[in-house]
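Trainee: Dropping the sequence and predicted coords here.
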Amino acid sequence: MALLTLLDAELAHGDVPLLDRAQLTLLAGERLGLIGRNGSGKSSLLQVIAGRATLDAGELQRRDGLAVVLVDQEPELPAAPTLQDSLLLRGHVPALADERRRWQVQARLAEYLQRLGVDGSLRPATASGGERKRAALALAFALEPDLLLLDEPTNHLDIGAIERLEDLVLRTPAAIVITHDRRFLDRVATRIVELDRGVLRSYPGNFAAYEQRKDEELAAEAIARRKFDKFWAQEEAWIRQGIEARRTRNEGRVARLQALRRQRQARREQQGQVKLALDAGGRSGKLVAELEHVGKGFDGKTVVRDLSVTLMRGDRLALVGPNGAGKSTLLKLIVGTLAPDSGRIRRGTQLTVAYFDQLRARLDPEKTVAETIAPGSDWIEVAGVRKHVMSYLGDFLFPPRRATAPVRTLSGGERNRLLLARLFAQPANLLVLDEPTNDLDIDTLELLEDTLQGYTGTLLLVSHDRAFLDAIATQTLAPEGDGRWREYVGGYSDWLAQRPAAAPAPAAAAAAAPAAPRERSARKLSYKEQRELDALPSEIEALEAEQQALGTRMHAAEYHATAPAQMAADAQRTSELEALLHGKLMRWTELEEKAKEAAAR
């Protein structure tokens with residue numbers, strides 16, 4: 001059953017069309033991942049669906065009585081004594097006529113605040129961006145809408161909170177989510193909808209399936225355009241022939257050429273790619289930083305305890321953990337902007353540092369974009385090449401009219417691009433990136449990955465984007481609880497695979513105390529355990545085969561027509577298979593180790 005339908009939708013911002021006769025149908029049980037370039041109109045589309053904005057032309061049809069809740073990218077919470085009171089005002093819960101319904105929403109709100117790790121007694125004015133975002137999400141789930149709209153819900157959330165959010169979204173009746181988090185889309189989305197040059201294009205399946213089909217589509221589109229341009233060039237050459245040819249020319253052919261010209265002029269080219277290039281400058285010394293038994297605390301709370309780690313030239317160190325664990329503190333300790341309370345930090349020679357600040361504190365809101373890049377000059381030198389500032393800003397998709405605009409008028413994505421433009425304009429052999437992926441569209445994010453993979457300097461990285469961490473990091477520093485940190489080889493997925501079985505989940509890692517090591521029994525496997533060990537490989541193989549078959553069916557082109565109940569059952573079975581496989585693999589590892597220990601005695 002269709003929850004909503006867009007018919008020939010048109011919407012423009014100034015002279016830029018955001019929706020150009022766009023079409024969309026959303027069925028019950030679907031979870032759409034809405035993707036597209038920054039500024040393409042994704043947030044505006046959610047505003048229309050939520051009823052906060054209207055189309056310039058076309059029609060939006062919604063099922064009668066459809067309950068829709070939108071969580072904005074930066075939620076605004078009204079003033080109130082506590083965060084929970086503010087949410088109830090924002091949700092108009094006290095105004096509900098049904099007293100029983102009002103109390104149900106209040107009870108569910110308290111439950112979801114707890115699930116998402118938010119203290120409802122906080123004052124809204126003192127709440128962090130992450131706390132405000134999680135609070136707004138808690139209210140959205142408490143209201144139990146038929147359709148949940150989420151605009152960049154993973155911004156400001158740590159990995160544990162993102163994973164809990166994924167679990168909650170999987171249980172919603174229907175959802176449309178704008179996000180650049182590819183791992184989130186792979187787990188949650190049943191269909192990807194791309195907003196590109198005013199047109200909505202649907203791709204069944206998750207983000208991985210979309211990437212494969214999009215590559216094929218772009219290749220076919222490029223071939224079609226080359227054929228069109230070749231034919232158009234031939235027609236232009238024909239009409240420019242000599243006088244004799246013009247006397248005998250076919251009027252129908254002239255009319256066709258005029259139509260080709262109009263078509264070529266009206267064709268909106270795909271938006272350009274951001275052009276990123278990093279200058280690593282001069283080589284630093286082989287040693288970048290060495291921390292020996294370092295400790296640091298604030299207001300009686302220890303965030304770093306007895307940490308010893310060595311950073312060498314060319315390392316790409318990722319810091320993971322929940323908000324408040326101390327990741328930004330560790331960055332400042334390593335680069336020397338913060339002194340330790342105890343221990344010793346030795347830094348290498350010839351270090352030139354470039355720092356990407358997650359709070360954008362280094363941007364002057366009153367300066368223009370061009371002044372931010374090249375104060376007092378129209379030229380900038382990048383990697384030994386002198387470029388005009390307008391040309392350089394064009395590489396980061398800033399047209400001339402935006403280059404002269406003040407920083408305060410920029411969107412979140414534009415500010416991130418401006419920070420990257422300024423960061424990459426300076427040579428640096430130690431690059432510090434604190435949450436660089438927030439507000440970046442997926443194309444720019446993937447290009448940033450490619451650029452960083454070719455960077456020859458040393459990289460310190462804090463990010464909650466799991467796919468980004470896996471693509472970039474060579475080692476990971478993770479909290480073990482009580483201010484203790486431990487280094488692991490590889491990225492986020494490698495950390496998950498290597499961390500001790502007793503280690504706390506990502507969401508609780510900062511608060512949980514380290515578990516005492518469990519003594520393993522060295523006794524021989526029992527008859528029952530041996531039979532279980534022998535059967536486990538075939539059981540795991542059968543579960544993996546079912547998982548693969550289910551994934552193939554869910555990613556098929558016709559899957560969007562599946563009944564909502566079946567979609568829900570498939571999603572539930574997917575989660576069950578993941579849990580079963582994890583449990584079987586852990587049990588197999590445990591029994592194998594026990595058998596080896598017994599054999600070694």
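Mentor: Okay, I see it. Numbering: from 1, shown residues only.
Trainee: which residues touch residue 438?
Mentor: With contact taken as Cβ atoms under 8 Å, 6 or more residues apart in numbering, residue 438 is in contact with 155, 156, 358, 412, 416. In short, each C-beta sits where N, CA and C put it, glycine included.
Trainee: Kindly recompute the last result at 6 Å.
Mentor: residue 155 (Cβ atoms under 6 Å, 6 or more residues apart in numbering).
Trainee: now residue 426
Mentor: Contacts here follow Cβ under 6 Å, 6+ apart; on that basis residue 426 touches residue 354.
Trainee: what do you get for residue 462?
Mentor: With contacts taken as Cβ under 6 Å, 6+ apart, residue 462 has the following neighbours: 319, 327, 434, 435.
Trainee: By neighbour count, which of the residues you listed wins?
Mentor: With neighbours defined as other Cβ atoms under 10 Å, the most crowded of these is residue 327; it has 28 neighbours.
Trainee: Might one say that that one is in contact with residue 319?
Mentor: Yes. Assessed by Cβ atoms under 6 Å, residue 327 is found in contact with residue 319 at 4.3 Å.
Trainee: neighbours of the residue lying closest to residue 122 once chain neighbours are set aside, just the number please.
Mentor: Nearest-residue entry for residue 122: residue 83, 4.6 Å, with adjacent residues in sequence omitted and distances by Cβ to Cβ, 6 or more residues apart in numbering. Look at residue 83: counted by other Cβ under 10 Å, it has 26 neighbours.
Trainee: Pretty sure residue 83 sits against residue 135.
Mentor: Yes. Contact status for residue 83 versus residue 135: in contact at 5.3 Å, counting by Cβ under 6 Å.
Trainee: Filter the contacts of residue 462 down to the ones in strands?
Mentor: When these are checked against strands (DSSP state E), the matches are 319, 434.
Trainee: Distance to residue 223 for the contacts of residue 462 - can I get that in CSV?
Mentor: CSV is the format used below for the contacts of residue 462 (distance: Cβ to Cβ, whole Å):
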residue, distance to residue 223
319, 45
327, 46
434, 42
435, 39
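Trainee: Closest one of the contacts of residue 462 to residue 7?
Mentor: Looking at these and their distance to residue 7, the nearest is residue 435, at 39.5 Å (Cβ to Cβ).
Trainee: That closest one and residue 412, how far apart?
Mentor: Distance check for residue 435 against residue 412: by Cβ to Cβ, to the nearest Å, it reads 12 Å.
Trainee: do residue 332 as well
Mentor: Separation of residue 332 from residue 412 (Cβ to Cβ) stands at 23 Å.
Trainee: same check, this time on residue 568
Mentor: Taking Cβ to Cβ as the measure, residue 568 falls 34 Å from residue 412.
Trainee: which SS state does residue 324 fall under?
Mentor: Here residue 324 takes the coil state, with states given by DSSP: H, G, I helix; E, B strand; the rest coil.
Trainee: in stretch 448-465, what counts as buried?
Mentor: Buried residues in stretch 448-465, counted by 16 or more other Cβ atoms under 10 Å: 448-449, 451-452, 455, 457-465.
Trainee: Kindly format the C-alpha coordinates of it as CSV.
Mentor: C-alpha atoms of stretch 448-465 as CSV (Å, rounded to 0.1, in the frame of the first residue of the first chain):
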residue,chain,number,x,y,z
LEU,A,448,38.5,12.4,0.3
GLU,A,449,39.2,8.7,1.0
ASP,A,450,41.1,8.3,-2.3
THR,A,451,43.1,11.5,-1.6
LEU,A,452,44.1,10.4,1.9
GLN,A,453,45.1,7.0,0.7
GLY,A,454,47.7,8.7,-1.5
TYR,A,455,48.9,11.1,1.2
THR,A,456,52.5,10.4,2.2
GLY,A,457,52.5,12.1,5.6
THR,A,458,51.3,11.0,9.0
LEU,A,459,47.6,11.0,9.7
LEU,A,460,45.6,11.3,13.0
LEU,A,461,41.9,10.6,12.5
VAL,A,462,38.8,10.8,14.6
SER,A,463,35.6,9.6,12.8
HIS,A,464,32.4,7.7,13.5
ASP,A,465,32.1,6.7,9.9
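Trainee: quick check: mean pLDDT across that stretch?
Mentor: Confidence for stretch 448-465, expressed as mean pLDDT, is 87.
Trainee: Could you do stretch 138-152 as well?
Mentor: Mean predicted confidence for stretch 138-152 is 94.
Trainee: can you pull the buried residues of it?
Mentor: Of the residues in stretch 138-152, those buried by neighbour count under the rule 16+ other Cβ under 10 Å are 138-143, 145-152.
Trainee: What of stretch 547-561?
Mentor: 547, 551, 554, 555, 559, 560.
Trainee: Could you report the pLDDT at the third one?
Mentor: In this case it means residue 554. According to the per-residue confidence, residue 554 scores 77 in pLDDT.
Trainee: ok, now which ones touch it?
Mentor: Remark: with contacts taken as Cβ under 6 Å, 6+ apart, residue 554 is in contact with residue 570.
Trainee: Backbone dihedrals for it, please?
Mentor: Backbone torsions of residue 554, given as degrees, to the nearest 10, read phi -70, psi -20.
Trainee: picking up where we left off before, name the nearest of the buried residues of stretch 547-561 relative to residue 12.
Mentor: Each of the buried residues of stretch 547-561 was checked against residue 12 using Cβ to Cβ; the closest is residue 560, at 28.9 Å.
Trainee: Next, the contact list for that closest one, please.
Mentor: Residues near residue 560 by Cβ under 6 Å, 6+ apart: 191, 204.
Trainee: Am I right that it falls within a strand?
Mentor: No. With three-state DSSP as the criterion, residue 560 is assigned helix and is not in a strand.
Trainee: In the stretch 251-400 of the chain, where is pLDDT below threshold?
Mentor: When the per-residue scores of the stretch 251-400 of the chain are filtered using pLDDT under 70, the ranges that remain are 251-281, 358-361, 383.
Trainee: Would you map the helices across it?
Mentor: If you assign secondary structure with DSSP state H, counting those that start in this stretch, the helices in the stretch 251-400 of the chain sit at 251-266, 327-335, 369-373, 389-395, 400-403.
Trainee: Residues contacting the last one, please?
Mentor: By that I understand helix 400-403. By Cβ under 6 Å, 6+ apart, the surrounding residues in contact with helix 400-403 are 369, 370, 390, 393.
Trainee: Which of the three states applies to residue 201?
Mentor: Strictly by three-state DSSP, residue 201 counts as strand.
Trainee: Can you point out the buried residues in stretch 343-351?
Mentor: Of the residues in stretch 343-351, those buried by neighbour count under the rule 16+ other Cβ under 10 Å are 343, 345, 347, 348, 351.
Trainee: May I have the distance across that stretch, first residue to last?
Mentor: With Cα to Cα, to the nearest Å applied, stretch 343-351 spans 22 Å between its terminal residues.
Trainee: How about stretch 368-376?
Mentor: The first-to-last residue distance of stretch 368-376 comes to 11 Å (Cα to Cα).
Trainee: Which helix or strand contains residue 26?
Mentor: Counting by DSSP states H and E, the element that carries residue 26 is strand 16-27.
Trainee: Please name the strands paired to that strand in the sheet, noting orientation.
Mentor: Taking DSSP bridges as the criterion, strand 16-27 forms sheet pairs with strand 2-13 (antiparallel).
Trainee: Buried residues of the strand it pairs with, list them for me.
Mentor: Under the neighbour-count criterion of 16+ other Cβ under 10 Å, strand 2-13 has 3, 4, 5, 6, 9, 11 buried.
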